[in-house]
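Trainee: Sharing a sequence plus its predicted fold:
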Amino acid sequence: MMEGIIWKGSPNHYNGRNGYQVDHITLHIMVGYLAGTDATFAKASSQASAHYGIGADGTIHQYVDEADGSYSDANYTSNNSTISIEHEGGMAQGAVCTSA
């Protein structure tokens, strides 16, 4: 793990990558804040995750090990062949994407 990344862990992931190799990065925008994404990804019932979440202040949380597939794209092949990154922002007031 890279320095400064906070491990949060999510139960929502594939163990391994099921024969796929990483060949792309998926960028998503959270509709809200990092804390809400932490809570959603922590619940098995959400069936959602990403490898990383980045807060507006540059804080980075990791939910899924890069050796595993995340539940991020609603597509089995893409889930197993991507590194997925959620960015704080979207529709919540005051939550903006950051260059950090």
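Mentor: Received the coordinates, thanks. Remember, it's a predicted structure, so these values are computed and weren't measured experimentally.

Trainee: Moving C-terminal from the longest helix anywhere in the chain, which element do we reach first?
Mentor: For the chain, the helix with the greatest residue count under DSSP state H is helix 34-42. Next helix or strand after helix 34-42 toward the C-terminus (DSSP states H and E): strand 52-54.

Trainee: Partner strands of whichever helix or strand comes after that next one and their direction?
Mentor: Elements were assigned by DSSP H and E; along the chain past strand 52-54, the next helix or strand is strand 60-62. Strand 60-62 pairs in its sheet with strand 5-7 (parallel), strand 52-54 (antiparallel), by DSSP bridges.

Trainee: What mean pLDDT does strand 60-62 get?
Mentor: Across strand 60-62, pLDDT averages out at 97.

Trainee: Buried residues in that strand, which are they?
Mentor: Going by neighbour count (16 or more other CB atoms under 10 Å), the buried part of strand 60-62 is 61, 62. C-betas here are computed from N, CA, C, even on glycine.

Trainee: quick one: average pLDDT of the helix or strand that comes right after it?
Mentor: Downstream of strand 60-62, the next assigned helix or strand under DSSP H and E is helix 76-81. The average pLDDT within helix 76-81 is 97.

Trainee: What are the buried residues along helix 76-81?
Mentor: So for helix 76-81, counting by 16+ other CB under 10 Å, buried means 78, 79, 80, 81.

Trainee: residue ranges with poor pLDDT in this structure?
Mentor: 1, 91-100 (pLDDT under 70).
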